[in-house]
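Novice: sequence and predicted model, in that order:
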Amino acid sequence: MIYVGIDWARQRHYLVVLDGQGAQLHHQFVAHSAEALAALAGTLARLEPDPAAVRVALELHDGGLLAWLVAQGYSVYPLNPKSAERARDRYRPAGGKDDRTDAFVLADTLRTDGGALRPLRPTSGRAQELLSWLGVRDGLVRERTTKMQQVRAILDEWCPELSALCNNLKCIWQRELLRAFPLQHDLAGVEAAQVAAACGRKLSACARTRLQAALAAACLPLPPGRREPLAWQVRELVARIAELSEHIKQIEQRLWALVAAHPRARLVGSLPVKGIVTRATLLAVMEAGDDASWRALVARWGVAPITRQSGKSRGVRRRRGCDHFVCQVLMQFAHCTAQVQGSWAQQMYRTKRAAGVEHFTALRQLANRWVKVLCAMWRHDTLYDEQLHHTNRLRAAA
């Protein structure tokens, strides 16, 4: 068995290979390319023919290098950078560091403390695809929100009435209105029917009332040299928002297709959830439960409590080293289920709140319990049964 420590970088990586007694067998730089990694595989095969006996430690939890290591059949141990930094203090108390030292520290830490480390358990291809598309969608949603805030900042500053009218740029008619009339000054002297026609659809009574108020409002003074640049900026931002909205819609359609084609889609369909983002995320969480316990999953997804106790002091806080997107979805799911009248989730939430637990802490505790339920559903291939959980809670209380 050999132990490999890799100090990774964008363009090239440094690795150190140790044997079971800590003797250094090999060290080198490796370029981040398919050819260089293939040559590295040959080097490691000469040192240890059995890929399963090659243990690799690195400060990386995603990316091409990690995927290549897993594909080779190596036992991969992703280390927390904080743990690696503290381990380095054992070898360099003065604080010195370089690539070779970092790689050696990773390899030797794996050699000496491997029993306390957890090997990487790759997620299945279906779960990875779901989580990847969800991550892409989340990035697009964040970018769209940024563009919306930029439009809102411009309109709030120069056109407050138009800003109040176009308060939700997810609506197509508001984007079409700003494309035709990007500033309040462009609406001066325009008939209401012309503006309504520019929106491309029939407006509701409330929207027509707000439109009349915007047309009747006086414009703030706008320097002549600012009008054209501001109008161009609003049009460009609105066009980008429309483009992002279309991309988000396409990804959601793809997610619906992936969830529908999943062999266990009926499990997530039995849950009290409707949105595709939550459905896809919960399905990926359930599938991840194949290779890990629910306690490991609640830690990975960020809904596990962290207790810090020393002497008479004791504190419990939330876990921040996690997948924040999945954590947010689980929290939203817990919040929605806590609103279902008569459900066990609502009873648990109200019990926690009555005991003095804060709102978000109660939601995290509820999400923690939901992960346990999801893992049990997946493991036994059973649909969600609300009555079963009521019975179990009564039995536990008795």
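Specialist: Here it is on my side, so go on.
Novice: from here on, just use CA atoms for contacts and neighbour counts.
Specialist: Noted.
Novice: low-scoring stretches of the chain, by residue?
Specialist: 289-292 (pLDDT under 70).
Novice: domain-wise, how is it divided?
Specialist: Residue ranges for the domains of the chain, per automatic domain parsing: 2-116, 129-257, 266-397.
Novice: dump these to CSV, plus mean neighbour count and distance to Thr123.
Specialist: Formatted as CSV, the domains of the chain follow (neighbours: other CA atoms under 10 Å; distance: least, CA to CA, whole Å):
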stretch, mean neighbour count, distance to Thr123
domain 2-116, 17, 11
domain 129-257, 16, 10
domain 266-397, 17, 6
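Novice: can you lay out those domains as a markdown table showing distance to Pro122?
Specialist: Formatted as a markdown table, these follow (distance: least, CA to CA, whole Å):
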| stretch | distance to Pro122 |
| --- | --- |
| domain 2-116 | 8 |
| domain 129-257 | 13 |
| domain 266-397 | 9 |
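Novice: could you point out which element follows the helix or strand hosting Leu255?
Specialist: Here Leu255, judged by DSSP states H and E, is contained in helix 224-261. Scanning forward in sequence from helix 224-261 by DSSP H and E, the next helix or strand is helix 265-269.
Novice: packing partners for the next helix or strand after that following helix?
Specialist: The helix or strand immediately downstream of helix 265-269 is helix 276-288, counting by DSSP H and E. Packing contacts for helix 276-288, counted by 3 or more CA pairs under 8 Å, 6 or more residues apart in numbering; DSSP states H and E, involve helix 125-158, helix 224-261, helix 265-269, helix 324-337, helix 359-380.
Novice: distance to Arg208 added to those, as a markdown table?
Specialist: A markdown table is the format used below for those (distance: least, CA to CA, whole Å):
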| stretch | distance to Arg208 |
| --- | --- |
| helix 125-158 | 19 |
| helix 224-261 | 21 |
| helix 265-269 | 40 |
| helix 324-337 | 33 |
| helix 359-380 | 39 |
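Novice: so which of those comes closest to Pro305?
Specialist: Nearest to Pro305, of all those, is helix 359-380, at 8.2 Å by CA to CA.
Novice: and the closest residue in space to Asp89 that isn't next to it in sequence, how close does it get to Arg86?
Specialist: In space, Asp89 comes closest to Gly95 once its chain neighbours are excluded; the distance is 6.8 Å by CA to CA, 6 or more residues apart in numbering. In this view, Gly95 and Arg86 are 10 Å apart by CA to CA, to the nearest Å.
Novice: the residue sitting furthest away from the middle of the chain: what secondary structure?
Specialist: What lies farthest from the middle of the chain is Gly189; by CA atoms, centre = their mean that is 47.5 Å. Following DSSP: H, G, I helix; E, B strand; the rest coil, the label given to Gly189 is coil.
Novice: related to what we said a few turns ago, which SS class is the residue nearest to Asp89?
Specialist: Going by three-state DSSP: Gly95 is coil.
Novice: that one contacts Ala87, doesn't it?
Specialist: No - Gly95 lies out of contact with Ala87 (CA atoms under 8 Å); the separation is 11.3 Å.
Novice: so what sits against both of these two?
Specialist: Listed as contacting both Gly95 and Ala87 by CA atoms under 8 Å, 6 or more residues apart in numbering is no residue at all.
Novice: before we move on, back to that, packing partners for the helix holding Leu255?
Specialist: Looks like helix 224-261 contacts helix 125-158, helix 172-180, helix 276-288 (3+ CA pairs under 8 Å, 6+ apart).
Novice: tell me which helix or strand comes right after the second one.
Specialist: Heading C-terminal from helix 172-180, the first helix or strand you meet, by DSSP H and E, is helix 192-199.
Novice: now the first one
Specialist: Per DSSP H and E, the first helix or strand lying C-terminal to helix 125-158 is helix 160-165.
Novice: restricting to C-alpha, output that following helix in CSV.
Specialist: Output of helix 160-165 as CSV, limited to C-alpha atoms (Å, rounded to 0.1, in the frame of the first residue of the first chain):
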residue,chain,number,x,y,z
PRO,A,160,-39.2,56.1,-9.1
GLU,A,161,-42.7,55.9,-10.6
LEU,A,162,-41.6,53.5,-13.3
SER,A,163,-39.7,51.5,-10.7
ALA,A,164,-42.9,51.1,-8.7
LEU,A,165,-44.7,50.0,-11.9
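Novice: list the contacts of it.
Specialist: By CA under 8 Å, 6+ apart, helix 160-165 touches Arg152, Leu155, Asp156, Leu183, Gln184, Ala207, Arg210, Leu211, Ala213, Ala214, Ala217.
Novice: mind listing what Phe333 touches?
Specialist: The contact partners of Phe333, by CA under 8 Å, 6+ apart, come to Val273, Thr278, Ala367.
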